[in-house]
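1. Can you look at this prediction? I've put the sequence above it.
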Amino acid sequence: MATFAGLFTNTVFGFILAYTYMALWHERPHLGGYEMADALAYVWIGQGLITVCGLMGGGFEDELIERIRSGDIAVDLYRPADLQAWWYAANLGRAAYQLLARGLVPMAVGALAFDFTLPERALTWPAFLGAVALGASVSFALWYLVALSAFWLMDGTGVAQVAWLSGLFFSGMLLPLTVFPGALGAVAQLLPWAALLQIPADVYLEKYRGWELLRAYGFQAAWAAVLLAAGRLVQAAATRKVVVQGG
């Protein structure tokens, strides 16, 4: 039921955003380097990736925060399995399910209802899926750090809300980052949230080809590596904290 409710919600908001974008691009053609059809495709890609790339939440952080708050995390840390790797694998499975269950349908509905851009090359589809997979990895790394903050704050709600607002704005969920003016746009495109939606959408729209595509992948992979490494360091500090308190 949650999946069907999510599908309905994503589709409804897709129509609202699509008509909003149509009005905006009618007044400002070629805004952000996008044609009207590109902008409409961007809307429906965003609706398809909301849960896949965790644009408004990773889908696992609430459970992890609760385990930390209740103390159940101590059992997880003593298990013969790496905590980060376990949650990462679970999140990839969740993202794959969300792509099939809540990602494809909104995009299909948008394609039927609006004249939006479709890739010209068949290889764009696997390239797009690769960018989505990297985006999901960056998303996990971000939300994993958010969840681990509960080791020190005992309640990660505030940090999660800040992360939610940051992701909503800097992922390009509201407007493509290429629309942002001046230095704000330049900085926004360098932040990790750009890897969640802006880059996958531009890969779909064939803005990247050849070496440019590799650089886009490199940007996503670099942020994933940096954030996963940061998560491992924070996890190590949290483990020491639990051991000391347990002792």
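-> Noted; the coordinates are in hand.

2. list the helices and strands the lengthiest helix in the chain packs on?
-> The longest helix of the chain (DSSP state H) is helix 211-246. Contacts defined by 3 or more C-beta pairs under 8 Å, 6 or more residues apart in numbering; DSSP states H and E place helix 211-246 against helix 73-78, helix 83-98, helix 124-148, helix 150-153, helix 198-204. Placement of C-beta: from N, CA and C, glycine included.

3. Just the element for Val162, please.
-> helix 157-170 (DSSP states H and E).

4. Now the next helix or strand after that helix: average pLDDT?
-> Elements were assigned by DSSP H and E; along the chain past helix 157-170, the next helix or strand is helix 182-188. Average pLDDT, helix 182-188: 92.

5. so where is this structure shaky, pLDDT-wise?
-> 58, 241-247 (pLDDT under 70).

6. still on that earlier bit, could you dump the helices and strands packed on helix 211-246 to JSON lines with mean neighbour count?
-> Formatted as JSON lines, these follow (neighbours: other C-beta atoms under 10 Å):
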{"stretch": "helix 73-78", "mean neighbour count": "14"}
{"stretch": "helix 83-98", "mean neighbour count": "17"}
{"stretch": "helix 124-148", "mean neighbour count": "23"}
{"stretch": "helix 150-153", "mean neighbour count": "17"}
{"stretch": "helix 198-204", "mean neighbour count": "27"}
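
7. closest one to Met36 among those helices?
-> helix 198-204 (15.0 Å; C-beta to C-beta).

8. helices or strands up against that closest one?
-> helix 36-49, helix 124-148, helix 211-246.

9. angle of the longest helix of the chain against helix 124-148?
-> Between helix 211-246 and helix 124-148, the angle comes out at 20 degrees (axes from the mean of the first three to the mean of the last three C-alpha atoms, to 10 degrees).

10. For helix 211-246, what is the distance to the chain centroid?
-> Helix 211-246 has its average C-alpha position 16 Å from the chain's average C-alpha position, going by C-alpha atoms, centre = their mean, to the nearest Å.

11. tell me which residues in it are buried?
-> Using 16 or more other C-beta atoms under 10 Å as the test for burial, helix 211-246 gives 213, 216-217, 219-220, 223-224, 227-228, 231-232, 234-235, 238-239, 242.

12. Return the closest of those residues with respect to Ala150.
-> Ala238 (9.2 Å).

13. Specify the stretch among the helices and strands packed on helix 211-246 that is closest to Leu31.
-> Here helix 198-204 is closest among those (C-beta to C-beta), at 14.6 Å.

14. So the spatially most central residue of the chain: helix, strand or coil?
-> Nearest to the geometric centre of the chain sits Cys53, at 3.0 Å (C-alpha atoms, centre = their mean). Classification of Cys53 using DSSP: H, G, I helix; E, B strand; the rest coil returns coil.

15. just checking, it touches Ile199?
-> No - with contact defined as C-beta atoms under 8 Å, Cys53 does not count as touching Ile199 (10.1 Å).

16. any common contacting residues for the two?
-> Common neighbours of Cys53 and Ile199, counting by C-beta atoms under 8 Å, 6 or more residues apart in numbering, are Gly135.

17. The nearest residue to Ala101 once chain neighbours are set aside is in what secondary structure piece?
-> Among residues not flanking Ala101 along the chain, Thr3 sits closest, at 5.0 Å (C-beta to C-beta, 6 or more residues apart in numbering). In this assignment (DSSP H and E), Thr3 forms part of helix 2-27.

18. so which pair among the buried residues of helix 211-246 is furthest apart in space?
-> Leu213 and Val242 (42.6 Å).
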